[in-house]
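Engineer: Could you look at this predicted model? Sequence included:
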Amino acid sequence: MGERPPAPGGTDRRLVSWKAIAGYLGVSVRTAQKWERQRALPVHRMPGRRGTVYANTNELDAWAAAGGRAAATWHSSRWLLWMLPAFAALVLAAGVAAYRHRGEAQPHSWSFTAGALEILDEDGRIVWRKPLPPQPANRFLSPSGSHPQIQIADLDGDGANEVVAGYSAAEPLESRVECYSATGELRWSYRPGRRVRTPQEEFSHSYDFRAVVVIPGRQPRLAVAAVHAVSFPGQVTLLSPAGEVLAEYWHSGPLTELAASDIDRDGRLELLAGGTNHAQRSAELVVLDPDNMNGCSREPDEFQFLDLGPPVEELRLVFARTCFARHIGSRRNRVSRITAGSGQVSVEVEERPHAYPVVYHLRYPELRLAGIDVSPDTIKAHDELFEMGVIDHPWGPRDMAALRDIKILSGPVDPLDSSS
C-alpha cells in the first residue's frame, strides 16, 4: 500500500498510510499524526474497527495553503493559480519562523551519545546538547531503564519544560544534579551528600548520584537519591523547583530506586525509595511523606549515623534473601525497580550476584502482600547450586514461604496480612 495513481482525467491523488501522507508533507509520521490531532490535518479512515488512513493530495494542499488549518477542498485550478504567490509567501514565512524558533522547541526526550547529553524535541530533533565528564560504567541507561537520571517537566508553571539531569564524574567520583531551561541555560546546580559519621567511622563528602524523580503537585518537588562513593551511607534529598533543599532523609545502605505514588489514596503522593539495608544485607523499601520526611533510619549502633535526628518515615519493609543470595557472591539482595500500578506497587528484588529477580506485589492502600513472582532463572540457579552441593535442598514450598517473611522495621501495617 502507499500512493495510488491519480484518477483518469484528474490531478488529485489518494495517499494511503501514514507513511505516504507524511512523505508527501515532508515530515515524520509522528508529526503528521500530531497535526491531525491539533491542526485538523484532513485525514480520512476506511470503515471498520482498524480502518486504513488515507488523504487526498488536493485537500492536503489546501490545508497547507490555509496555514495548516482545516479548509474546504479546492476544485478551481484558476483559483489555485491566482493564490499560488500568496501560498508561497505564507509557506516561506512559516519556514523562517520555524528556523528562528527552533531553539525554543520543547524538550521532550533525551539520549546520551558520544559523551554528551542530547535533549530532543517530540520529533526527535536535537534542541540542545551538553558534554559531560566521563561517566561511571553503565551509568546512563535508556529512559526505560531502571535508574531515572533525567526528568523533563514544567517545574515553574511557565509552559516550558525544564530538564533536570543528574550525573557523576568518574574520577574523582563526584555527583551533580543540574536544572536547565528549555533552551539549555543552567538554572541551578546541587551537589548531593555531606560528611556523616557512625560511632566508629566518618565518611567523606563523595557521593554517587543514582536517581531523580519529579513529585507532581501544585508546587512540584524533586527527590534525589545518592550513595556514598565507597561505603554504605545513603541519602534522599527533597528539592524545590529552584533547587533549594527542603528535607533530607539518611539511610544505612544505598537507596537507588525512587517512585512517587498515592499508596494510601488520600490525594497526596508518597515517596517510595528502594535499595539495600546494610545492617541486614537485605533489600529494603522505605515509604516517606514528602511533606514530612527527615532524620536518619534507626539501625544497630555500629551502623547508626550520628547527629542527624530521629527518622521521620511512614514504613520500612525488608525483604528476605533466597538461599543462593545468602550463600554466594556479596550475599545480599537489593530493590532494583519500583513500579506503581493500578491498585498495587510492584517491587522487583534483584538477587545477587547474577541479578535474578523476585517481584513482590503489594496491594493498596497499605502495601499488604498480594503475591510473589519468582523468575524461572531464579529457581534454576537455586537448583544448580543444590546439584553442586552448595545448598541442601531443591527449590520448593519452603523457599516460597521464606520469601513471605517480610520484616517491618517501622510502620503500623503487617504486609503479610492478606485480609481486605
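Structural biologist: Yep, it's here. Since this is a predicted model, take the numbers as computed values, not measurements.
Engineer: who touches Y364 in this structure?
Structural biologist: I263, D264, R265, G343, Q344, V345 (C-beta atoms under 8 Å, 6 or more residues apart in numbering). To be clear about C-beta, it is placed using only N, CA and C from the backbone, and glycine gets the same treatment.
Engineer: go with 10 Å
Structural biologist: Residues near Y364 by C-beta atoms under 10 Å, 6 or more residues apart in numbering: S261, D262, I263, D264, R265, A340, G341, S342, G343, Q344, V345, A370.
Engineer: go on, F303?
Structural biologist: Contacts of F303 (C-beta under 10 Å, 6+ apart): 198-201, 232-233, 252-253, 277-280, 297.
Engineer: between those residues, which is nearest R398?
Structural biologist: Q280 (20.5 Å; C-beta to C-beta).
Engineer: number of nearby residues for that closest one?
Structural biologist: 19 (other C-beta atoms under 10 Å).
Engineer: what residue is smack in the middle of the chain?
Structural biologist: Residue closest to the average C-alpha location in the chain (C-alpha atoms, centre = their mean): P148, at 4.5 Å.
Engineer: Three-state assignment for it, please.
Structural biologist: coil (DSSP: H, G, I helix; E, B strand; the rest coil).
Engineer: chain center to the strand or helix carrying L15: distance?
Structural biologist: For L15, the element it lies in under DSSP states H and E is strand 14-16. Here the centre of strand 14-16 is set off from its chain's centre by 38 Å, with C-alpha atoms, centre = their mean, to the nearest Å.
Engineer: same question for it, mean pLDDT?
Structural biologist: Average pLDDT, strand 14-16: 83.
Engineer: what's the following helix or strand after that strand?
Structural biologist: Defined by DSSP H and E, the subsequent element after strand 14-16 is helix 18-25.
Engineer: neighbouring contacts of that following helix?
Structural biologist: In contact with helix 18-25 (C-beta under 10 Å, 6+ apart) are residues 1-4, 13-15, 17, 27-33, 35-36, 41-43, 52-55, 57, 60-61, 63-64, 68.
Engineer: Would you mark the buried spots in that helix?
Structural biologist: W18, A20, I21, A22, G23, Y24, L25 (16 or more other C-beta atoms under 10 Å).
Engineer: Excluding sequence neighbours, find me the nearest residue to the fourth one.
Structural biologist: The one in question is A22. Setting aside the residues directly before and after it, A22 is nearest to A32 in space (C-beta to C-beta, 6 or more residues apart in numbering), at 4.1 Å.
Engineer: Mind telling me what element that neighbour is part of?
Structural biologist: helix 29-39.
Engineer: what's the offset of the next helix or strand after that helix from the middle of its chain?
Structural biologist: Toward the C-terminus, helix 29-39 is succeeded by strand 44-45 as the next helix or strand (DSSP H and E). Between the centre of strand 44-45 and the centre of its chain there are 35 Å (C-alpha atoms, centre = their mean).
Engineer: likewise stretch 223-239?
Structural biologist: With C-alpha atoms, centre = their mean as the basis, the mean position of stretch 223-239 lies at 18 Å from the chain mean.
Engineer: what's the first-to-last distance across that stretch?
Structural biologist: The first residue of stretch 223-239 is 6 Å away from its last residue (C-alpha to C-alpha, to the nearest Å).
Engineer: in it, what counts as buried?
Structural biologist: 223-229, 232-239.
Engineer: where are the low-confidence patches of this protein?
Structural biologist: 1-11, 47-51, 67-104, 136-147, 170-172, 329, 352-355, 412-420 (pLDDT under 70).
Engineer: Show me it divided up by domain.
Structural biologist: 14-101, 105-191, 194-420 (automatic domain parsing).
Engineer: Strand partners (parallel or antiparallel) of the one helix or strand T276 maps to?
Structural biologist: In the assignment (DSSP H and E), T276 maps to strand 270-277. Paired neighbours of strand 270-277 in the sheet (DSSP bridges): strand 255-261 (antiparallel), strand 282-288 (antiparallel).
Engineer: Just give me how far the first one sits from the chain centre.
Structural biologist: Going back to what we said before, that points to strand 255-261. With C-alpha atoms, centre = their mean, you get 10 Å for strand 255-261.
Engineer: try stretch 189-205
Structural biologist: With C-alpha atoms, centre = their mean, you get 27 Å for stretch 189-205.
Engineer: Out of the domains of the chain, which one sits most buried?
Structural biologist: Highest mean neighbour count of these: domain 194-420, a mean of 18 (counted as mean count of other C-beta atoms under 10 Å).
Engineer: what about stretch 168-176, start to end distance?
Structural biologist: 6 Å.
Engineer: scratch that, stretch 321-338 is what I was asking about
Structural biologist: Stretch 321-338: ends 18 Å apart by C-alpha to C-alpha.
Engineer: Then stretch 15-30?
Structural biologist: 16 Å.
Engineer: same question, stretch 233-245
Structural biologist: For stretch 233-245, the end-to-end distance is 18 Å (C-alpha to C-alpha).
Engineer: How far does that stretch sit from its chain's centre?
Structural biologist: 18 Å.
Engineer: Check stretch 274-294 too.
Structural biologist: That offset, for stretch 274-294, works out to 19 Å (C-alpha atoms, centre = their mean).
Engineer: do stretch 303-320 as well
Structural biologist: 26 Å.
Engineer: next one: stretch 115-122
Structural biologist: For stretch 115-122 - counting by C-alpha atoms, centre = their mean - the centre lies 15 Å from the chain centre.
Engineer: Put the alpha carbons of that stretch into CSV.
Structural biologist: In CSV, the C-alpha atoms belonging to stretch 115-122 read as follows (Å, rounded to 0.1, in the frame of the first residue of the first chain):
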residue,chain,number,x,y,z
GLY,A,115,29.9,11.7,25.9
ALA,A,116,27.2,14.3,25.7
LEU,A,117,23.6,14.6,26.9
GLU,A,118,21.3,15.4,24.0
ILE,A,119,17.9,16.9,24.6
LEU,A,120,15.4,16.1,21.9
ASP,A,121,12.0,17.6,20.8
GLU,A,122,9.0,15.5,20.2
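Engineer: Please consider this matter closed, and thank you.
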